[in-house]
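Q: below is the structure, and that's it, no one-letter string:
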């Protein structure tokens, strides 16, 4: 049983199957003819991402940024679903998994688009897809990716599932599962606010806003355009924002102070939205910050949020919080732990004598009791598990 979490975001596309993870910019470019390859520089699964899908070839992520003449990038939700999701999701799944059997996928959508886009999202990636990866050594690898089942959940709940479930889809943090939790998921274009009480989704306290990290990038890019007369694409801002320096036409610009002012303003706007939305939810036990944008804004945002905020660990890439949670929830939903148990039982199955039968009955009873105990605190998940 192969279960893959896939997160196609405006900034980055991520996938995780419990063993392998992949991340690349949500950028699609035309596949140009490369006349000379140096075989130097970065050599990872995504550094030279060239694929063919449905008889069309594309460069993806940083490879498109470097090599493509025409590069496509969007901050429009409808365009993302219709033109980007299939290409990016199938590519991510193909890198992440080597299985030839059908896979089940869990993905998420921003709260504000969940009802509108779930069916469309499923239609885009469900079924069989043949994808060819063109490696820079000249070797082509063709894979058949068959997505049998797909389950879409509110995007922010992935971060909760990442904290609550273990890698096999069993609840490990029962205390957190019983709390009233608020999630602030800051992405590239949007920020999602969601509340879950004993894992029940609370519609009243959940919404999507357009205050994502791209707004900060836009302000900084506009300021640089005024000073240098150069338009900088938003997807190229990541490395410059991190270093605090950018070189344009040989001239260096220090953007550290501008970044601090812009981030402080963005954090204040998010905190104001949060306080207004959760005004009557003063009984929230814990607030979770998640998403790639939270890495940038946490030091500005955490001090101005009233409540118990779970800090983002220095050794954790918050961009993977949701997608890892998707995979763990998929393993819970489709009984991955039971699948492992049954596979282990078959491997160690004794000869069919009376003693073996008694042993098997005892083992079955223990497994049943263990499953029952594991499932007890997860009643709030029934609303999610019932969905196809």
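A: Sure thing, it's come through. From a predicted model like this one, the values you see are computed outputs, not experimental measurements.

Q: mind listing what's buried in the lengthiest strand in the chain?
A: Counting by DSSP state E, the longest strand found in the chain is strand 140-154. The neighbour-count check on strand 140-154 (16 or more other Cβ atoms under 10 Å) flags 143, 145, 147, 149, 150, 151, 152, 153, 154 as buried. Backbone N, C-alpha and C define where each C-beta goes, glycine included.

Q: can you show me the helices along this structure?
A: Using DSSP state H, the helices of the chain run over residues 61-67, 77-79, 85-96, 114-125, 157-164, 174-177, 213-228, 238-243, 256-277, 292-301, 321-333, 336-347, 354-375, 382-385.

Q: could I get the buried residue list for the shortest one?
A: For helix 77-79, a neighbour-count test (16+ other Cβ under 10 Å) marks residue 77 as buried.

Q: now for that helix, which elements pack on it?
A: The helices and strands touching helix 77-79, judged by 3 or more Cβ pairs under 8 Å, 6 or more residues apart in numbering; DSSP states H and E, number zero.

Q: what comes into contact with that helix?
A: With Cβ atoms under 8 Å, 6 or more residues apart in numbering as the test, helix 77-79 has contacts from 110, 113, 117.

Q: and what of stretch 49-65?
A: Residues from elsewhere that reach stretch 49-65, judged by Cβ under 8 Å, 6+ apart: 13, 24-32, 46-48, 67-68, 71, 86-88, 90-91, 94-95, 129-136, 235-236.

Q: the same query, at a cut-off of 6 Å, please.
A: By Cβ atoms under 6 Å, 6 or more residues apart in numbering, the list of residues contacting stretch 49-65 from outside reads 24-25, 27-29, 31, 46, 48, 67-68, 71, 91, 131-134.

Q: filter the residues you listed down to the ones in strands?
A: Among these, DSSP E puts 24, 25, 28, 29, 71, 131, 132, 133, 134 in strands.

Q: who does the third one bridge with?
A: Applying DSSP bridges to residue 28 yields these beta-bridge partners: residue 60, residue 72.

Q: go through the contacts of helix 77-79 and give me the one with the most neighbours.
A: Highest neighbour count within these: residue 110, with 24 neighbours (other Cβ atoms under 10 Å).

Q: my guess is it meets residue 208, correct?
A: Yes: counting by Cβ atoms under 6 Å, residue 208 is a contact partner of residue 110 at 4.4 Å.

Q: and for the two, which residues touch both?
A: Joint contacts of residue 110 and residue 208 (Cβ under 6 Å, 6+ apart) are 190, 192.

Q: may I have the beta-bridge partners of residue 253?
A: Taking DSSP bridges as the rule, residue 253 bridges to residue 246.

Q: coming back round to it: can I get the contacts of helix 77-79 in CSV including pLDDT and distance to residue 161?
A: Shown next, in CSV, are those (pLDDT from 0 to 100; distance: Cβ to Cβ, whole Å):
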residue, pLDDT, distance to residue 161
110, 92, 17
113, 93, 19
117, 95, 20
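
Q: return the closest of the residues you listed with respect to residue 158.
A: residue 110 (11.7 Å; Cβ to Cβ).

Q: does residue 12 touch residue 27 like I think?
A: No: the criterion here is Cβ under 6 Å, and residue 12 misses it with residue 27 at 9.4 Å.
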